[in-house]
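Colleague: generate a structure from the sequence data that follows.
(chains A, B, C and D, ligands or ions: 4)
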Amino acid sequence: MLPETVAPRKLTPIKAMNEALAEEMRRDEDVVLFGEDIGAYGGVWALSKGLQKEFGPLRVFDTPLSEGAIVGTCTGAAMAGLRPVIEIMYVDFTTCAMDPLMNQAAKIRFMSGGAFCLPMTILAPCGAGTSEAAQHSQSLEAWFLSAPGFKVVMPSTVYDCKGLLKTAIRDNNPVLYLWHKALYDLEEEVPPGEWTIPLGQAAVRREGRDVTVVAYSLMAHRALEAAERLRGEISVEVIDPRTLRPFDLDTILASLGKTGRLLVVHESPTCCGAGAEIVRQVTDRGFDLLKQAPKVLGGRDLPIPFAKSLENAVVPQVVDIVAALRALISGGRVDG
Amino acid sequence: MLPETVAPRKLTPIKAMNEALAEEMRRDEDVVLFGEDIGAYGGVWALSKGLQKEFGPLRVFDTPLSEGAIVGTCTGAAMAGLRPVIEIMYVDFTTCAMDPLMNQAAKIRFMSGGAFCLPMTILAPCGAGTSEAAQHSQSLEAWFLSAPGFKVVMPSTVYDCKGLLKTAIRDNNPVLYLWHKALYDLEEEVPPGEWTIPLGQAAVRREGRDVTVVAYSLMAHRALEAAERLRGEISVEVIDPRTLRPFDLDTILASLGKTGRLLVVHESPTCCGAGAEIVRQVTDRGFDLLKQAPKVLGGRDLPIPFAKSLENAVVPQVVDIVAALRALISGGRVDG
Amino acid sequence: MRFSCEELKEMYGTMVLIREFELSTIEVFAQRMRAGDFPGALHSSEGQEAIAVGVMSRLRPDDYVFSTYRGHGHAIAKGIPLERVTAEVHGRATGASRGFGGSMHLFWKPLNFMGGNGIVGGGLPLALGTAYAAVKRGTDQVTAVFFGDGAASQGAFHESLNMAALKRWPVVYVCENNLYAATTHVSGNCPLEDIADRAAAYGIPGVTADGNDLLAVADAAGAAVARARAGQGPTLIEFKTYRHRAHCMVIPEHRPNQERTAWRERDPIQRLAAMLLSEGLADQAQLDEIRRRARERLEQALEFMRQSPLPQPADIEEVLYAP
Amino acid sequence: MRFSCEELKEMYGTMVLIREFELSTIEVFAQRMRAGDFPGALHSSEGQEAIAVGVMSRLRPDDYVFSTYRGHGHAIAKGIPLERVTAEVHGRATGASRGFGGSMHLFWKPLNFMGGNGIVGGGLPLALGTAYAAVKRGTDQVTAVFFGDGAASQGAFHESLNMAALKRWPVVYVCENNLYAATTHVSGNCPLEDIADRAAAYGIPGVTADGNDLLAVADAAGAAVARARAGQGPTLIEFKTYRHRAHCMVIPEHRPNQERTAWRERDPIQRLAAMLLSEGLADQAQLDEIRRRARERLEQALEFMRQSPLPQPADIEEVLYAP
Ligand SMILES: Cc1ncc(C[n+]2csc(CCOP(=O)(O)OP(=O)(O)O)c2C)c(N)n1
Ligand SMILES: Cc1ncc(C[n+]2csc(CCOP(=O)(O)OP(=O)(O)O)c2C)c(N)n1
Ligand SMILES: [Mg+2]
Ligand SMILES: [Mg+2]
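Modeller: Residues are numbered from 1 along each chain as shown, chains lettered A, B, ... in the order given. Ligands and ions are numbered 1, 2, ... in the order given. From the prediction side, this is the model:
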């Protein structure tokens, strides 16, 4: 091997996802990409840069401005045996395609008694922090979690962005894959070549003894930073579930066996969010592991406001995580 | 008063909601009703029977088959100061109006910095049990709970159907009001005249010492029946929250102070459902009240299948609640 | 293309079979309802048989079809085994959708029957996908999608026709205009006289035809299918028709008596029978025999259904996600 | 109706004010971005000023307007105080939406400015509601809703026009066809030459006009507004225009140079200036003075913004639900 190809290299999430798309399209003629402005232009996030050139306009397919028709097309195409990937420009715009997503793609396999397979991936950016206000900043994973039929993937690292996207594309079911806009400029070192990561396998990002923090997507980074700030004060274990359905509860229970304390951090509204579900699962199967009340630090139950001064108040910041961990530990001392 | 009007009378949920609509329309000229087939025909559920005759076609407004346009119209009309009520024929069809519901109605007040008010009510039947399969049987409250901006009302009694609908209509915010199709034939005695019920006030439907069951909509009835079957064996307190946002946590915590055991029962899928959220809130504020793990008996994480033999396996039945309560109590004995 | 005498009689037989199926299904549902059991939603296509049979007559087995909640006729005409349709509608494990779908969700993959749909207009965007798949693979398969006059008010109608027109995809849009959406007259859904005129908004052909005349249906469908198959893009066909029954079993009749009688007289099966007789293509005895055979087929299917087990919950979890 | 000389100069002044506002906003955003701060999405309406000003010239203060994410011009032309627009776009507590909305979500209730919208086509269904409210109350208020060539591909377009047409509601549909939706040419969104031709699908008038000619805009809008006000129902107007800038600040330019130059020459402000000069309605000194005053107004607004506090999170919870 030439040193150039074996040397680790730095990639951004976009470049990593772009590689994943290109590799999967090379590997499997049935993989096709649909979306607005994704062709010659390469997509507003540059996710599909170069792909139309390599795979042609029929496989990297520029659509009209019709999210409903896009998702509908890909649902029908998946039923016909293709393996479509859809870029929705912001996850917020899935509102315009909820019927094909929720009443069709998520249910057709089940309604047909298993006759049809729907291998399709919905790729979309999510999250706040870019001052784009209420209709361009949402994290809508909870809708898809409460609607059986979808799998949900939310990577936080560049390595995962690539490996999980490849697995999502190969999965024979509808997968919602959300990447966080605030990770756009992230650069991380990754190995050369290809890799895949199974869905449903959490990653322990940092080991600790006092408390288990479960955080995904952007919040995994913030949780790690909070843990670092608390070094010497509180020993924090940080677990990134990476995929929310399937969900790796065992890794979390194992950690709780050690720490006995749980904080879940996510950006989407707290009410009926992934945090609530994780608390439900943990209390269901691991209640006796808990030394004290499990806590969720979610986004506030508000839309995302425009002004940065407000936006930061709605979504958990590193300081909020630090404060929540301190409260948890001191609360624990007082209570227990 | 004439005996005729003071005598308690029996009503169905439909008749109760019909009365609520008529009274509120008489009371307030700004209340208008929109929906498919609601005019001369009176609605496929007979909810608007007689209303167009009394209030005319401009206030009881027959729409084309366009849920998006219906919700859009009512959102704009609410912004202009009217107080629209929408009948969506099945809550499942809100998928066709998700953008006006979620990105518009739920957010406009907030995005405008509070300048606009959106007094509007979305009335829809929900739930399984009628062999109508995956696209006509859903309970979608979780979507609306995880999208701040809506209030969510889910009555279980005829008395509540009327009183809560009147309050929902008078509320100055978007309210999702779901009634369960399986309650269609329910007949209950109610007082004559008018009444309202504040949002955010739970009802203790049955007192008990051993365990607190929180159940709403159809499941409140099933929980009561399960409690009755367990009479003498387990003393079950049944609380019906009636509204999920605002949510009356205090009544539940007070009950847990007595019982120390919690079972939440709902029909919608368990994952990220109202049950998970209730467990989150209870563990957040009342962890020390819990003698053992709080449990959620939700719908299975599956679409609703057609055949009755399958449908009953997906949605909690009375026997399932009985079994869950027995397991809870015996689990408690073993663990604690 | 004209049909042979045999073909016509076979199509007549299929129409009669659909009719008998609809009558029997209503009867079984009514029995169950009298017994206090609500067996689900049932939307009869009685009166619209010529559209199902006429359109399918121009499709190949490998062409894709998207149907609706009023789709028994489409399913039978496409060729799903009658046993499977019957078993599905009555919730048996041997049903076309293994009892998971029911009347509104008949699926049959071997014949590319892509499902009924409980959402009005729900199939319209999906039809783009099979059309795309055919283009992508370079096959000449056509996709036909059925929908009603009410469905043409949905945003999905616009998005689907627009995209198909832009990309010249091989879709045949079959609008069964039976004058009503539930209880709403078509004039409450469309400000135009003819829904087909909406094709102009997409620069594609729009055709109106008599949906109760099998040959007119086959002609209109044939032209649209040929166009699609030749890569010339989509067509919107509007068939004027009428359902004999109320919208569904639980909705009382509300349409004017006179209108109903007038349309009864245009019954597509009677019309085809009259034509077969007057042209000397069949005699009454033959037609009676066709009906008898249809009833026999149906009785077999009902028996198959009755012998079939109910679906068992044991493996239900496995159905949701594909391995 | 023709405009007086004063009116024309005032409209010219508003167009210049919008232009200066767009230039200044881009400048402030660019500064903040250079400082490492991402201040949000910014969609300039530079080049489309004649549409905003021409349409508003035919509306009353109590008429309803639904705008888009490209709505600074609509807001200023409708008369939202410039200070409030400026403060909102830059995220201050004194902004039109108190800093909650930003550039894409300008609201101003006193003038029935019903908001920008971050969803392409998102305002189309909402416009039905204010139109209905006017009908219900028996006022003769008109609703104007702005949207782009791309938005006409959304299902919401179809549902809104269909319902307005069916009910003859007083809506003026203003399609600003600037030839592109983000980077997609209009031919990738609409198979017809003129989007206005889609009006035929709803049996309503469809009009195409030069969106860079203030008087042509005012004429087309005037006729549609008069029609709506008289209870004769909606009109679809398509204005052909062009944005001088790329779709938004973070999307690089991709349109052919030649096309951009050609459209620069049709700049609506220059064209109005040339007309005013050639018709002897103004001299260059007056026009210069108008621009100077616009810059002064803008400087005041920027100063107001700079003096304004940032929104404080303290009362944020209270904003979500009305009491
Ligand atoms: C999105 C949606 N809205 C409403 C309904 C309820 N519904 C079922 S059929 C129907 C009427 C449809 O009319 P049309 O499209 O003309 O078809 P037809 O029933 O006449 O065959 C309605 C309103 C539904 N199933 N889906
Ligand atoms: C539903 C939805 N889809 C996609 C987008 C992203 N987006 C914002 S503006 C735009 C182009 C819109 O084009 P057009 O309607 O022509 O308006 P213009 O920007 O040219 O004024 C796109 C794709 C969005 N905001 N909303
Ligand atoms: Mg119809
Ligand atoms: Mg444009």
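Colleague: host element of A:A323?
Modeller: In this assignment (DSSP states H and E), A:A323 forms part of helix A:318-335.
Colleague: so how far is that helix from its chain's centroid?
Modeller: 26 Å (Cα atoms, centre = their mean, to the nearest Å).
Colleague: mind listing what's buried along that helix?
Modeller: By 16 or more other Cβ atoms under 10 Å in any protein chain shown, the buried positions in helix A:318-335 come out as A:V318, A:D320, A:I321, A:V322, A:A324, A:L325, A:L328, A:I329, A:G331, A:G332. In short, each C-beta sits where N, CA and C put it, glycine included.
Colleague: just name the closest of the residues you listed to D:T183, please.
Modeller: Of all the buried residues of helix A:318-335, D:T183 sits closest to A:V318, with 36.2 Å by Cβ to Cβ.
Colleague: the closest one against A:R222, yeah?
Modeller: Yes - using Cβ atoms under 8 Å, A:V318 is in contact with A:R222, at 5.0 Å.
Colleague: got any residues that touch both of those two?
Modeller: Counting by Cβ atoms under 8 Å, 6 or more residues apart in numbering or on different chains, A:V318 and A:R222 have no common neighbour.
Colleague: now do the SS call for A:V238.
Modeller: At A:V238 the chain is in strand, as set by DSSP: H, G, I helix; E, B strand; the rest coil.
Colleague: check C:M249 too.
Modeller: Classification of C:M249 using three-state DSSP returns coil.
Colleague: that one - nearest residue in space that isn't next to it in sequence?
Modeller: C:L42 (4.6 Å; Cβ to Cβ, 6 or more residues apart in numbering or on different chains).
Colleague: wait, is the one you found part of a strand?
Modeller: No - counting by three-state DSSP, C:L42 is located in no strand; its state is coil.
Colleague: and the gap between it and A:V44?
Modeller: The spacing between C:L42 and A:V44, counted by Cβ to Cβ, to the nearest Å, is 47 Å.
Colleague: which residue ranges form the strands in the stretch 201-336 of chain A?
Modeller: For the stretch 201-336 of chain A, applying DSSP state E, counting those that start in this stretch gives strands covering A:203-206, A:211-215, A:236-240, A:243-245, A:262-269, A:295-299.
Colleague: A:L297 contacts A:L263, correct?
Modeller: Yes - using Cβ under 8 Å, A:L297 is in contact with A:L263, at 6.3 Å.
Colleague: overlap of the contact sets of those two?
Modeller: A:I321, A:A324.
Colleague: so the residue nearest to C:M249 makes contact with C:S103?
Modeller: Yes - C:L42 is within contact range of C:S103, at 5.7 Å (criterion: Cβ under 8 Å).
Colleague: please enumerate the shared neighbours of those two.
Modeller: Counting by Cβ under 8 Å, 6+ apart, the residues touching both C:L42 and C:S103 are C:T25, C:V89.
Colleague: burial check on A:A313, number of neighbours?
Modeller: Neighbour count for A:A313, taken as other Cβ atoms under 10 Å in any protein chain shown: 19.
Colleague: if you skip the residues just before and after it, what's nearest to it?
Modeller: Here the residue nearest A:A313, using Cβ to Cβ, 6+ apart, is D:P313, at 3.5 Å.
Colleague: wait, doesn't that neighbour sit right on A:E311?
Modeller: No - D:P313 is not in contact with A:E311 according to Cβ under 8 Å; the separation is 9.4 Å.
Colleague: list the residues that contact residue 190.
Modeller: Picking chain A for this. Counting by Cβ under 8 Å, 6+ apart, A:V190 has contacts A:P8, A:R9, A:K10, A:L11, A:A16, A:V158, A:Y159, A:K162.
Colleague: let's do chain C instead
Modeller: B:P64, C:D149, C:A152, C:S153, C:R198, D:N162, D:L166.
Colleague: assign a three-state SS to C:R266, would you?
Modeller: coil.
Colleague: tell me which element the closest residue to it other than its chain neighbours falls in.
Modeller: Distance criterion Cβ to Cβ, 6+ apart; nearest residue to C:R266, sequence neighbours excluded, is C:N212 at 4.8 Å. C:N212 belongs to no helix or strand when elements are defined using DSSP H and E.
Colleague: separation between C:N212 and chain B?
Modeller: Distance, C:N212 to chain B, using Cβ to the nearest Cβ, to the nearest Å: 23 Å.
Colleague: could you do C:A314 as well?
Modeller: For C:A314, the distance to chain B - Cβ to the nearest Cβ - is 9 Å.
Colleague: neighbours around that residue, how many?
Modeller: There are 8 residues near C:A314, going by other Cβ under 10 Å.
Colleague: same question, A:S112
Modeller: Other residues near A:S112 come to 26 when the count uses other Cβ under 10 Å.
Colleague: do the one 3 residues further on as well
Modeller: For A:A115, the neighbour count with other Cβ under 10 Å is 21.
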